[in-house]
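*Asks:* no sequence on this one, just coordinates:
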């Protein structure tokens, strides 16, 4: 999932298919169409599968799962490329955190004390040790 996010983030066609006008129109190039297909596939399956896997392993909290779902929902082409990339950054942050916990065998809990990082209006963060 992180690889797919990075591919979308770094794709030079992102600017041509996002924005107030471009995001409402079909992509005007093959590269833009290819990126749009990748985005739709990722939103529909890749991201949610990754979060469900981490959630099932206890590596992300319910709150973090809600923040991820909100970030995925914000991945709308009508926003600017910068805002789109910000949502992708939030997803990577949450995936990386869950991945680190899963690799360390740490169970996440919404009852933990958190450092107070806010993503998409939801407070998340690494448990305070």
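*Replies:* Done, it's in. Computed from a predicted model, the values in this text were never measured in an experiment.

*Asks:* can you pull the buried residues of stretch 29-49?
*Replies:* Residues of stretch 29-49 classed as buried by neighbour count (16 or more other Cβ atoms under 10 Å): 32, 35, 36, 38, 39, 42, 47, 48. (Glycine included, C-beta is placed from N, CA and C.)

*Asks:* out of the residues you listed, who's nearest residue 65?
*Replies:* residue 48 (10.0 Å; Cβ to Cβ).

*Asks:* Show me which residues of the one helix or strand the closest one maps to are buried.
*Replies:* Element membership of residue 48, judged by DSSP states H and E, is helix 47-56. Judged by neighbour count (16+ other Cβ under 10 Å), helix 47-56 contains these buried residues: 47, 48, 50, 51, 54, 55.

*Asks:* for stretch 60-80, same thing?
*Replies:* Along stretch 60-80, the positions that meet the burial threshold by neighbour count (16+ other Cβ under 10 Å) are 60-61, 63-68, 71-72, 74-75, 77, 79.

*Asks:* Mark which of those residues are part of helices, please.
*Replies:* The subset of the buried residues of stretch 60-80 located in helices under the criterion DSSP state H comprises 63, 64, 65, 66, 67, 68, 71, 72.

*Asks:* Widest-spaced pair of those?
*Replies:* Of all pairs drawn from those, the greatest distance, 15.2 Å, lies between 63 and 72 (Cβ to Cβ).
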